[in-house]
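Peer 1: Turn this into a structure:
(chains A and B)
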Amino acid sequence: MFISSIPRTAQRVSTPEPQNVEFTGSASGYFRLWIVNLLLTIVTLGIYSAWAKVRRKKYLYQNTWYAGENFDFTGNPVKILKGRILVVALYVLFITLSSLNSIAGNLAMFGLIIMATPWIIIKSRQFNLKNTTYSGLRFNFKADYFEALKVTLLYPVISAFTLMIAKPFELRQRGKLIINNSSFAGNNFHFDSDSSKFGAIVLKTVVVALAPLLPVLMMAFANVFFRHSVDLPRAFFFLGMTAVYVAFISAGLYFFYACRNEFINNTSYENIRLNSQATTTTLIWISLTNIIAIILSLGLLTPWATIRKHKYLVKNLSSEGHLSLESLRGQQFSEKTALAEETSDFFDLDFGI
Amino acid sequence: MELNNLKLEFQILFYDGISAFAQSGTIRLSEYDSEIYLTESGKIISIKNTDLRPDENFSGKRRIYLNDTEYFLDDGSVTNFLRTLNKQNATKIKFLIEKVESNWPLVVCSFLLLVFSGWIFINNGVPYLSVKLASLIPEKIAIAMGQQALNGLDQIDILSPSKISQADQLRIGDKYRSICLQELNSQNCRIEFRHSKHELLNYNAFAVPGGLTVLLDGIHEIAKDDNEIISILLHELGHHKHNHSLQKLVEGSVYTIALALALGDVSSISSIATSAPAAIVQAQYSQKHEIEADDWALSKLQKNNISTEHFANIMQRLADKLELCEQSVCKDEEYSLINSHPGISSRINKARQRKLDS
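Peer 2: Purely as a prediction, here's the structure:
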């Protein structure tokens, strides 16, 4: 009863040629998991949702492979459940307090939320990375509160007041905050990039968002300067409104994924560089058609849509360079149970920054 | 089969969580304890079988954890052995769920059960939770909430000061408070008079949390006598009696939380699709609320020897005024699925029916 089929894989990791990340999951496998998750969540009045989340993430992570090893998600459902109960309690408290409409109370709450945001973002990213393993080694995230406060509050305010001129700078700082404070097996990731590249992204986003307004502007122009009034049937108005919505959503998606590519393509870890070949046009197409599919199927195609997007993102990730696995040393099991890090177990919020 | 004599050996790949390299080794299983022998280092790890935690397996090779960091990969042999031994409920449930997930007919059954239990939850679970939670909200907070809701409507110009004479306001107010004291045994009932430039709102009255009823000028204008106004006020008191307005508020929150928990990976845009059925169901609840309030009002009218015909009459006049009905077909009945109120003619008929019964 000996197994000879388990390959010795780990040695394959150190390789100089580009390594692709692969995904082995399927929409049908994820669908089955999703249906059973939903059923158990409803039957247990939401209690199972914590276990459901862990199973969902484990499916995605365990089916993601890099150099012969897969990832895993190790979140503890009991701790996630406690965190969710806390979040629900805070939500109820928040609703109750805000309905009382006392100015001082609302101001205090608003201030509290602003001051807590960087902390919540740090903790939620810490939660996600600390519970991600590759080849048995953990990722981690440690960031300074004030550094995060600048990125979440100060820089966005500056961007707003400078009419987005400072936006590229804000995005670069954001990338530095998220990536330079992330680590794997004790070594930090490294990110730096030109602000000018983010400038191009911001500019393109504005162009995409405003594109459908161009015909409207031209018509207005014709009206004013040539006294030539253009009358269009109502159908055109409807089409126009749809175009405006699609353009706004597309612009948002473009911005999100272009930034993501820029972040990934300028990230290195030890001697390897990360590379994302996913194109923004394909991602916008996938996202828009996903939304339509989910709406038309009353939510039933959600697992298919999730896998479709995840697969595309993962398959277009690769690395270049030589990574020596011998140099990687994970942390000892007993060292990492500091109280400060434990609190992150409550923050399974998937906050994007 | 004597397990004591049964020694099972399997080759494994072991990960210690410190080195990225997998170490090859052997696990020797016996009834209570197992031993892992690592080939290269010669290290031997002894562990109780009950401490071995089989992880979820989505990748073909199952991780079996020794603690939070150390694990080995198993192609199924160790799992099968543990399956026969393991008495821990958590592991048993994990294996059971895996069995259901890997079997299409069982997945289809799960889906049917999901639709059924989802329906039960929305139809019975949410209203039950809302009633329970709404009754937990202290009266002081409810009063503050109601006042704030009214202030909000005043500020954004939806409501403006009433044009009803001071004397009429005083007279109606006194009647409202005395009915409230008599029927709800509450001192906290208040009535406010408002005007609205929006016609549909102006010919209306509504109940906000904390025993506050807002009567709009349209009702006063259209009413032939005080009994008709009282019948409308009794309807609003019916809402107060059943705590409807707080329940509605709580229902919204219960939905938000339930949807967020159930559909964790649905993005905000696509969740519009899932909120549409919820909106329809909420409209159904509020129809139920209206019927409850009507029934309560009609029974109280009868108890106070006021004819239910008054309610029927003023409702009929409202329907005419707002042009809700044409040739006995009422607009609001065409979409009874999505309407927040039951069809007006059915409400009028019910009031007339009551009159005949008594």
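Peer 1: residue boundaries of the strands in the stretch 251-358 of chain B?
Peer 2: B:325-326, B:329-330 (DSSP state E, counting those that start in this stretch).
Peer 1: If you count neighbours, what's buried in the host helix or strand of B:Q182?
Peer 2: Assigned by DSSP states H and E, B:Q182 falls within helix B:166-183. By neighbour count on 16 or more other Cβ atoms under 10 Å in any protein chain shown, the buried set for helix B:166-183 is B:169, B:172-173, B:175-177, B:179-180, B:183. For glycine as for every other residue, the C-beta is placed from the backbone atoms N, C-alpha and C.
Peer 1: before we move on, back to that, least reliable of the strands of the stretch 251-358 of chain B going by mean pLDDT?
Peer 2: Note on the strands of the stretch 251-358 of chain B: lowest mean pLDDT is at strand B:329-330, with a mean of 58.
Peer 1: Surely B:G17 is within a strand?
Peer 2: No: B:G17 is assigned coil when assessed by DSSP: H, G, I helix; E, B strand; the rest coil, not a strand.
Peer 1: pLDDT wise, what is the closest residue to it other than its chain neighbours at?
Peer 2: In this structure, B:G17 finds its nearest non-sequential neighbour in B:T69, 3.0 Å apart by Cβ to Cβ, 6 or more residues apart in numbering or on different chains. For B:T69, the model assigns a pLDDT of 84.
Peer 1: And B:G264, by the same measure?
Peer 2: For B:G264, pLDDT reads 57.
Peer 1: Also B:Q11?
Peer 2: At B:Q11, pLDDT is 90.
Peer 1: Okay, it and B:D51: tell me how far apart.
Peer 2: 21 Å (Cβ to Cβ, to the nearest Å).
Peer 1: Looking at those two, which one has more neighbours?
Peer 2: B:Q11 (19 against 11; other Cβ atoms under 10 Å in any protein chain shown).
Peer 1: Would you confirm that that one belongs to a strand?
Peer 2: Yes: assessed with three-state DSSP, B:Q11 lies in a strand.
Peer 1: quick one on the thing from earlier: residues touching the helix holding B:Q182, excluding its own?
Peer 2: With contact meaning Cβ atoms under 8 Å, 6 or more residues apart in numbering or on different chains, helix B:166-183 is reached by B:162, B:164, B:186-187, B:189, B:191, B:193, B:211, B:213, B:215, B:220, B:226, B:229-230, B:233-234, B:237, B:240-241, B:300, B:304.
Peer 1: Run the chain-centre distance for it.
Peer 2: Remark: helix B:166-183 is offset 35 Å from the chain centroid, using Cα atoms, centre = their mean, to the nearest Å.
Peer 1: Packing partners of the helix or strand just after that helix?
Peer 2: Counting by DSSP H and E, the element after helix B:166-183 in chain order, helix or strand, is strand B:190-195. Strand B:190-195 is packed against helix B:139-155, strand B:160-161, helix B:166-183, strand B:212-216, helix B:217-222, with contacts defined by 3 or more Cβ pairs under 8 Å, 6 or more residues apart in numbering or on different chains; DSSP states H and E.
Peer 1: Mean pLDDT lowest where, among these?
Peer 2: When I compare the helices and strands packed on strand B:190-195, helix B:139-155 is least confident, with a mean of 80.
Peer 1: Next, the buried residues of that helix.
Peer 2: Neighbour-count burial for helix B:139-155 [16+ other Cβ under 10 Å]: B:141-150, B:153.
Peer 1: rewinding a little: helix/strand/coil for the residue nearest to B:G17?
Peer 2: Assignment for B:T69 (three-state DSSP): coil.
Peer 1: Tell me where the model's unsure across the stretch 251-358 of chain B.
Peer 2: B:256, B:259-285, B:324-342, B:355-358 (pLDDT under 70).
Peer 1: in it, which spans are helices?
Peer 2: Using DSSP state H, counting those that start in this stretch, the helices found in the stretch 251-358 of chain B span residues B:271-303, B:309-321, B:331-334, B:344-357.
Peer 1: Over to the stretch 201-350 of chain A?
Peer 2: A:213-226, A:234-265, A:280-296, A:302-315, A:339-342.
Peer 1: Among the buried residues of helix B:166-183, find me the one that's closest to chain A.
Peer 2: Checking the buried residues of helix B:166-183 against chain A with Cβ to the nearest Cβ, the nearest one is B:C180 at 23.1 Å.
Peer 1: Put together JSON lines for the helices and strands packed on strand B:190-195, with distance to B:Y255 on each row.
Peer 2: Formatted as JSON lines, the entries for the helices and strands packed on strand B:190-195 read as follows, by distance: least, Cβ to Cβ, whole Å:
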{"stretch": "helix B:139-155", "distance to B:Y255": "18"}
{"stretch": "strand B:160-161", "distance to B:Y255": "33"}
{"stretch": "helix B:166-183", "distance to B:Y255": "31"}
{"stretch": "strand B:212-216", "distance to B:Y255": "25"}
{"stretch": "helix B:217-222", "distance to B:Y255": "31"}
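Peer 1: Flag the shaky bits of chain A, pLDDT-wise.
Peer 2: For chain A, the ranges with pLDDT under 70 are A:1-16, A:95, A:98-102, A:220, A:223-224, A:226-235, A:325-326, A:330-353.
Peer 1: can you pull out the strands in it?
Peer 2: Applying DSSP state E to chain A gives strands spanning A:19-23, A:64-66, A:69-73, A:132-134, A:137-141, A:182-184, A:187-191, A:267-269, A:272-276, A:317-320.
Peer 1: Columns distance to A:L298 on top of these, output as JSON lines?
Peer 2: Listed next are these as JSON lines, based on distance: least, Cβ to Cβ, whole Å:
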{"stretch": "strand A:19-23", "distance to A:L298": "27"}
{"stretch": "strand A:64-66", "distance to A:L298": "29"}
{"stretch": "strand A:69-73", "distance to A:L298": "28"}
{"stretch": "strand A:132-134", "distance to A:L298": "32"}
{"stretch": "strand A:137-141", "distance to A:L298": "36"}
{"stretch": "strand A:182-184", "distance to A:L298": "38"}
{"stretch": "strand A:187-191", "distance to A:L298": "40"}
{"stretch": "strand A:267-269", "distance to A:L298": "39"}
{"stretch": "strand A:272-276", "distance to A:L298": "33"}
{"stretch": "strand A:317-320", "distance to A:L298": "32"}
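Peer 1: Can I get these in CSV including mean neighbour count?
Peer 2: CSV is the format used below for these (neighbours: other Cβ atoms under 10 Å in any protein chain shown):
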stretch, mean neighbour count
strand A:19-23, 17
strand A:64-66, 20
strand A:69-73, 21
strand A:132-134, 22
strand A:137-141, 21
strand A:182-184, 20
strand A:187-191, 17
strand A:267-269, 19
strand A:272-276, 18
strand A:317-320, 18
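Peer 1: could I get those as CSV with distance to chain B?
Peer 2: Shown next, in CSV, are these (distance: least, Cβ to the nearest Cβ, whole Å):
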stretch, distance to chain B
strand A:19-23, 11
strand A:64-66, 8
strand A:69-73, 5
strand A:132-134, 8
strand A:137-141, 6
strand A:182-184, 10
strand A:187-191, 11
strand A:267-269, 13
strand A:272-276, 13
strand A:317-320, 15
